[in-house]
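> What follows is a predicted protein model with its sequence.
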Amino acid sequence: MSELAINHCSKYFKKDAINFCAVQPITMHVESGQFISIIGPSGCGKSTLFNMIAGLERPSEGEITLSGMPITGETGHVGYMLQKDLLLPWRTILDNVIIALEIRGMSRKEARQRAIPMLQKYGLGGFERDHPDALSGGMRQRAGLIRTLLDDKQVILFDEPFGALDAQTRLQMQNWLLKIWNEFKKTVLFVTHDIDEAIYLSDEIYVFTKRPGRIKAKVQVDLARPRNETTMMEARFLQLKRELLLMLNEERPHPEFDGNEGDAHGG
Amino acid sequence: MSELAINHCSKYFKKDAINFCAVQPITMHVESGQFISIIGPSGCGKSTLFNMIAGLERPSEGEITLSGMPITGETGHVGYMLQKDLLLPWRTILDNVIIALEIRGMSRKEARQRAIPMLQKYGLGGFERDHPDALSGGMRQRAGLIRTLLDDKQVILFDEPFGALDAQTRLQMQNWLLKIWNEFKKTVLFVTHDIDEAIYLSDEIYVFTKRPGRIKAKVQVDLARPRNETTMMEARFLQLKRELLLMLNEERPHPEFDGNEGDAHGG
Amino acid sequence: AGSSGSKKTPAKNLIIAEPVHLIAYLPLYVAIDKGYFKQEGLNVKTITATGGAHVTAVVSGDAWGVIGGPDSVQIVNAGKSKDPITSVVNVVNRANVYLMASTKTPYTGQSDAELKAFLKGKSIAAGRYGGSPNLLTRYLLIGLGLNPNKDVQLDEPADAAAVVSLVQQGKDKIANGGEPQINDGIKKGVWSEPFYGFPSMGDYAYSVVSVKASTIKTDPKTVQKFVNAMLKGLKLVNNNKAEAFKVLKKEFPTTPDASLKAAMDRAYKDKLWSKDGYITRAAVAKPLDVVKKTGIYTKGYSYEKLVDMEFVNKALNK
Amino acid sequence: MAGKTKAPSPGLFIEDRSRRAKRIRRRAIIGQMAIGLLILVLWEGCTRFGWLDSYYWSSPSTIVRVGWQAVVHGSLLSDLAYTSGATILGFIAGTLIGSAIGLSFWWSELYSRITEPYMIAINAIPKLALAPVLVIMFGIGFDSKVVLAFLMTVIVAAIAAYSGVCNIDKDLEKMLISLGAKRHHVFLKVVVPSSIPWMVSTLKINISLALAGTIVGEFISSRQGIGRMILYAGQVLDIDLVWVGVVVLSFLSIVMYLGTVWLERLLMRGRTPKS
Amino acid sequence: MAGKTKAPSPGLFIEDRSRRAKRIRRRAIIGQMAIGLLILVLWEGCTRFGWLDSYYWSSPSTIVRVGWQAVVHGSLLSDLAYTSGATILGFIAGTLIGSAIGLSFWWSELYSRITEPYMIAINAIPKLALAPVLVIMFGIGFDSKVVLAFLMTVIVAAIAAYSGVCNIDKDLEKMLISLGAKRHHVFLKVVVPSSIPWMVSTLKINISLALAGTIVGEFISSRQGIGRMILYAGQVLDIDLVWVGVVVLSFLSIVMYLGTVWLERLLMRGRTPKS
Ligand SMILES: Nc1ncnc2c1ncn2[C@@H]1O[C@H](COP(=O)(O)OP(=O)(O)OP(=O)(O)O)[C@@H](O)[C@H]1O
Ligand SMILES: Nc1ncnc2c1ncn2[C@@H]1O[C@H](COP(=O)(O)OP(=O)(O)OP(=O)(O)O)[C@@H](O)[C@H]1O
Ligand SMILES: [Mg+2]
Ligand SMILES: [Mg+2]
């Protein structure tokens, strides 16, 4: 089916009159139905790459194609989920998840009918009429994912979707995501800072260098599926973790005291 | 030296005319210089317990003593750090960390002189005159901890201090905290959702039951210090992790779909 | 600020509150400009105070005297009796209000009956309700046997200039007012010469200068000096048109000469200004009859309490 | 839910915030009334015993008496209806159109920047001064009062809505665009709803501005209305009646204030107060 | 820092936001001038060719001429100084005292609730109507204008500061208290500084309210000032001069607006705009 191809895409910004490279030319081919993770130091351009794929930013050079069709600079071809749940606080959960359908011109009534079973199936039954404020962080991310699923795109980009959740909720969400991925057979690109998470979920992990970002390595995760909590205790898992930690440590500028080179984060 | 004792402290709220128990009577004795972690399901009353120790909330029953002196309902006896950095956005980092000294009546000038070497020593040199906005999440939490250290209390409470940081920054912060703890010999109570973090840092871990909270178990962490990243690969570490995971799973109401029983979280 | 207190300079500071800055108050401006007050050792300034505040400014002690109708003085006195305000010199002795008809519906009649018939059913831009032009118009209507609230339609804008635009817009057929409205309207072709002038009512204490009774009691000398200078001002205005015009130009620098000239001409023609500053019983009776008939103030008055002509008499006898 | 365990032993300290909130609400009402009463008593007393000049300060009893007369013999009630009608209409029109203008600035930064100084300048024009021109433009009828109330509110509403537009979460826009939304989708589904708290926040100020506008309109020219009554009363120095007007306007503004509070609650339903 | 790699090959698409911002700023200024010019030309043209009645609408050239006369023969400049002086003093006093009142509500919810309706009622009183009483209370001097400007601004400032107080991050308070702070510490170190953005947000509205207050004060009674000039011009039907006053006030308000923008930037230094 569809294959996502990123051909020699780079991104430059101009800041204070000097050119500033955020992403060095990157070439990546993702086969349909694969779960790909991307890890790399903060500020290495992971989000910028995703913005380019989603059509929100124009690459400085290069081209992006989906099943051979060029989609460079065009929005609406892939699903995109961020760390912030980005639910509209004034809409109920139900009305939040149908927004993509509304944009496509479907009537609210029809869209709602389609969404309700989905919400019920994936653990949000009974919360349809609540506003996002009333939900926990995990549930809000769940609603965000259901919104993306209802949009029904073959490729979904996740940019640290579980970064703001506590460790236990996070684990639940990972299992839940694996289950959904298994049912829907989407192509997933997943950015995370959590090496455990990357290994636990992915078929393949791309490691990026520090800024300006470039693919440093591509690691195959040869762990059997379905995976569960015991997977994390397996020797192969630990070995992969050690490898990846080492690679990332090489990319860390000052291992002890320096945080994120001044990039604001968190909270 | 000082020993923190929590004697049969509980907390009830009245909500919609019915009594609502947030924390069941808890008794805990923490010896001076120990690093204690507390883990437990969301909403089990960990933060409420900390609020009682810090004197921000009055326990419904019971008493809290520090080195034998009752401190129930009194503020200013222990340090307290939250997940939110709670830096004052309109103050520079330097002026933020000296706030406790200012409150005690020290002149700004003197307080600043005392704070500057501290900031320089612990990785914030050069950022003294910056406002918190300009710093990354990790650095902001560092400033928050320095603020607490300058306050010079024997006992420090941490309520998920690294919960909002990405995994790599988090690891750096953990090492940094261990180093500081080693130098200052403070008594630390540390709430976290991350089991790895709890094991990596603590001498002892208290596991709480689900709401209303109660101590379910007390686990000794018999890992040698100093610890580093390889500690996490040790067999004993993994065994402890498995044990704790199991205990927490027992406390999870609906292991698959339910999030946090409707408590709003995250973002 | 700056009431009668400054003892550093030999001249005594006096503030006269005026409800508007009006061409009709020319004698006062002349007395200031020509230094008549200075000669008496007074330093007089005017202040504009609207919305009834002109009389209040005297009550509060912020102003020494007020120029305006004796009717408003009487109304305030009736409200608070402790230290009544007393009129000491006349300035404008004619009801300085005229009625103009839109050029589309000119009035050609002569008799009261014709006037009544003409006014009936018309819409009139009558100026702010409670203001003298408005009350005089109502007074005329009542005198003619018309009900101001039923038989005609009164538009009562607070702004004098709005009267012109109301007639020009065709919203009203008749307007009341004085100069410079009349001339402006004529120039624009909105109306022609007034068809009715309230000066025809004869002596009418339209604007007088009044001060507190306590001032008269404690400081009669200053009052006398003030009246002396005012009388000089009245005299110059009445006798020396050219000089008076110069002062007028100075006081109203942005008003076109033609308007000022028209205003002066009309004023002389209708004997606007008091000859001698004397306030007669008949002249006071008329404005108070107007407020009584129009229902604004019905409690009556006493000429002796409201008016004190001793200073004018002294000055005239000197 | 899970917290409903056995009742705790008696004598425990139990926090109950809702009761505390209720107690404060009750006390506040009592306090408000007490202060109101105190003011009335002081006012009445001071004017009775001559500490305040009753001519200028009137007195509560006189105001009630004169006010009642104005209701029975005068036209206070219809004046009130006239003034509040014009105010409310002007307020609604000003708020809606002003908000629309403010929101429209989202479409182009250039357009908003060019327009801003002109809005500020127009806002600063003292309306009373331009009476003759306003009479020509808007006449002297009921509409002219509405127009003035509108003019007083429209710019403030526009500025508020624009503040909202400037503070929109860019990520929400981005999210919608990534779903393939066009600009009009973003406008309708994000910009408008997320600016509502900002627009709502100025309702309280705007209602009193609208009232001021109506009063100015009645000052310019009117056959009816509280403003006209006050102007007339001031002109003939009937200060008791001025006070009646002032008191009526104060009540009217409190009622309208409560109305905006209610409106606020309605518009903010399902939203927490902005942080 | 680390991004300064070799220059990319030419012909690449490179985003440059600061240049875009600069371009918009330049265009905005050009646009503003163009619109200003257009208005002037249209206004002049329409009145020249009689499409607008120049008696009511005056014309730019006449306004400039009459304005120049008012500067040379009249007292336009000292009027301007008088009005802007009173406005600025009243604005400063109203903003400071109003903010203090609003902040003081932090100390007690009860006190704030009791006070609120009275503030609203006082705010709604039309000042022009109470001219006689105001003259008794505040006299007719310069101070009385300052007082009116003050009265117009103080309540709005208080409401804004109180909004700030209501939106304080409770956790910051909690943090300070946990450090052993007393209430006055919390007030000075958290409540006051964190309410500043809210107070700042109403400066723009308040400066024009202060101007309106001064003008009303001058309408009530004055020997000087732009308001008095406008009033006078209206009375002598010198509508050209009214327009001069209107134009001068518009300019004054724009200048003051720029002043508040500058003040805003000063007060918000080291803070990002609130989210
Ligand atoms: N619009 C922009 N203008 C200028 N520089 C930008 C812009 N967007 C991103 N950058 C810069 O590009 C670099 C890459 O940013 P990006 O957000 O893609 O990193 P990231 O890998 O997602 O980091 P993180 O892990 O912290 O999310 C950063 O240094 C950032 O400051
Ligand atoms: N002031 C309060 N009034 C009423 N209920 C409260 C109050 N504070 C806390 N609670 C309730 O007490 C329970 C314990 O809350 P607490 O915040 O202590 O949990 P926690 O263990 O810190 O959870 P988390 O892991 O999510 O931080 C929750 O159910 C909460 O809703
Ligand atoms: Mg990113
Ligand atoms: Mg907690």
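Structure's in. What do you need? What you see is a predicted model; the values in this text were computed from it and never measured. Ligands and ions are numbered 1, 2, ... in the order given.
> which residues does residue C:238 contact?
C:273, C:275 (CB atoms under 8 Å, 6 or more residues apart in numbering or on different chains). Glycine gets a C-beta too; all of them are placed from N, C-alpha and C.
> That one belongs to a strand?
No - read with DSSP: H, G, I helix; E, B strand; the rest coil, residue C:238 is helix and lies in no strand.
> any idea of the pLDDT on it?
With respect to pLDDT, residue C:238 scores 91.
> gap between residue C:280 and residue C:286?
Plainly put, residue C:280 is 10 Å away from residue C:286 if you go by CB to CB, to the nearest Å.
> Overlap of the contact sets of those two?
Common neighbours of residue C:280 and residue C:286, counting by CB under 8 Å, 6+ apart, are C:203, C:205.
> Those two: which is more packed in?
Shown here are residue C:280 and residue C:286; by other CB atoms under 10 Å in any protein chain shown, residue C:286 has more neighbours (21 against 17).
> Verify the contact between residue C:78 and residue C:296 for me.
No - contact between residue C:78 and residue C:296 fails when scored by CB atoms under 8 Å: they sit 11.4 Å apart.
> So between these two, which is more surrounded?
The neighbour count for residue C:78 versus residue C:296, taken as other CB under 10 Å, is higher for residue C:296 (21 against 15).
> Measure how buried the residue in the stretch 1-150 of chain A that chain E sits nearest to is and give me the count.
Nearest residue of the stretch 1-150 of chain A to chain E (CB to the nearest CB) works out as residue A:14 at 3.4 Å. Residues near residue A:14, counting by other CB under 10 Å, number 15.
> and the end-to-end length of stretch A:52-70?
12 Å (CA to CA, to the nearest Å).
> That one and chain E in contact?
Yes - residues of stretch A:52-70 contacting chain E under CB under 8 Å from any CB of the partner chain: A:57-61.
> any idea which residue sits dead centre in chain D?
In chain D, the residue lying closest to the centroid (CA atoms, centre = their mean) is residue D:207, at 2.1 Å.
> Which elements pack onto the helix or strand hosting that one?
Per DSSP states H and E: residue D:207 is located in helix D:203-220. Where contact means 3 or more CB pairs under 8 Å, 6 or more residues apart in numbering or on different chains; DSSP states H and E, helix D:203-220 is packed against helix D:76-104, helix D:131-138, helix D:142-166, helix D:226-235, helix D:239-267, helix E:109-124, helix E:142-166.
> what about stretch D:115-122, distance to the chain center?
22 Å (CA atoms, centre = their mean, to the nearest Å).
> no wait, stretch A:183-197
For stretch A:183-197 - counting by CA atoms, centre = their mean - the centre lies 6 Å from the chain centre.
> Return the alpha-carbon coordinates of that stretch using CSV.
Only the C-alpha atoms of stretch A:183-197 are listed here, as CSV (Å, rounded to 0.1, in the frame of the first residue of the first chain):
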residue,chain,number,x,y,z
GLU,A,183,-6.3,-3.3,14.9
PHE,A,184,-6.0,-0.4,12.4
LYS,A,185,-2.7,-1.3,10.7
LYS,A,186,-1.6,2.4,10.4
THR,A,187,1.9,3.5,9.5
VAL,A,188,3.2,5.3,12.6
LEU,A,189,6.1,7.7,13.1
PHE,A,190,6.7,8.2,16.8
VAL,A,191,9.0,10.8,18.4
THR,A,192,10.0,10.1,22.0
HIS,A,193,12.7,10.9,24.6
ASP,A,194,12.0,7.7,26.4
ILE,A,195,14.2,4.9,25.2
ASP,A,196,12.1,2.2,26.9
GLU,A,197,9.1,3.5,25.1
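> Next one: it, is it in contact with chain B?
Yes - shown here: stretch A:183-197 in contact with chain B (CB under 8 Å from any CB) through A:192-197.
> Max pairwise distance over those residues: which two?
Pairwise distances across the residues of stretch A:183-197 next to chain B peak at 10.4 Å for A:193 and A:196 (criterion: CB to CB).
> list residues touching both of these two?
Common neighbours of residue A:193 and residue A:196 (CB under 8 Å, 6+ apart) are residue B:167.
> quick one, which of these two is more surrounded?
Neighbour count, other CB under 10 Å: between residue A:193 and residue A:196, residue A:193 has more, with 22 against 19.
> Quick check: the more buried one touching residue B:166?
Yes - in terms of CB under 8 Å, residue A:193 counts as a neighbour of residue B:166; the distance is 3.6 Å.
> Could you pull out the residues contacting both of those two?
Common neighbours of residue A:193 and residue B:166, counting by CB under 8 Å, 6+ apart, are A:42, A:160, A:163.
> Out of the residues you listed, name the ones that lie in strands.
Counting by DSSP state E, no part of these is found in strands.
> hang on, the earlier thing: same list (the residues of stretch A:183-197 next to chain B) but as a markdown table, adding pLDDT and secondary structure.
Formatted as a markdown table, the residues of stretch A:183-197 next to chain B follow (pLDDT from 0 to 100; DSSP: H, G, I helix; E, B strand; the rest coil):
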| residue | pLDDT | secondary structure |
| --- | --- | --- |
| A:192 | 92 | coil |
| A:193 | 87 | coil |
| A:194 | 87 | coil |
| A:195 | 89 | helix |
| A:196 | 89 | helix |
| A:197 | 92 | helix |
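> and of those, the nearest to ligand 2?
Among these, residue A:194 lies closest to ligand 2 (CB to the nearest ligand atom), at 19.0 Å.
> so what's the backbone phi/psi at the closest one?
Per-residue torsions, residue A:194: phi -100, psi 110 (degrees, to the nearest 10).
> Tally up the residues packed near it, please.
The tally of other residues near residue A:194 (other CB under 10 Å) stands at 21.
> From chain D, how far out is it?
21 Å (CB to the nearest CB, to the nearest Å).
> wait, what's in contact with the closest residue to that residue other than its chain neighbours?
The shortest distance from residue A:194 to any non-neighbouring residue, by CB to CB, 6 or more residues apart in numbering or on different chains, is to residue B:167 (4.1 Å). Each residue near residue B:167 by CB under 8 Å, 6+ apart is listed here: A:192-197.
> Which single residue in the stretch 51-200 of chain C comes nearest to chain A?
Proximity of the stretch 51-200 of chain C to chain A (CB to the nearest CB) peaks at residue C:158, 45.5 Å away.
> Can you check what pLDDT the model gives residue 134?
In the absence of a named chain, this looks at chain A. 82.
> Chain D was what I was after
For residue D:134, pLDDT reads 80.
> and what of residue D:36?
On the pLDDT scale, residue D:36 gets 91.
> Next, count neighbours for it.
A count of neighbours around residue D:36, defined by other CB under 10 Å, yields 14.
> Now do the helix or strand containing it: distance to the chain's middle.
According to DSSP H and E, residue D:36 maps onto helix D:17-48. The chain centroid and the centroid of helix D:17-48 are separated by 23 Å under CA atoms, centre = their mean.
> name the helices or strands packed onto it?
strand B:4-15, helix D:54-57, helix D:60-72, helix E:109-124.
> Which one, of these, ends up nearest to residue D:44?
Closest approach to residue D:44 among the helices and strands packed on helix D:17-48 (CB to CB): helix D:60-72, 5.0 Å.
> residues near the nearest residue to residue A:75 once chain neighbours are set aside, how many?
Closest residue to residue A:75 apart from its sequence neighbours, by CB to CB, 6+ apart: residue A:55 at 3.9 Å. Residue A:55 has 20 neighbouring residues, counting by other CB under 10 Å.
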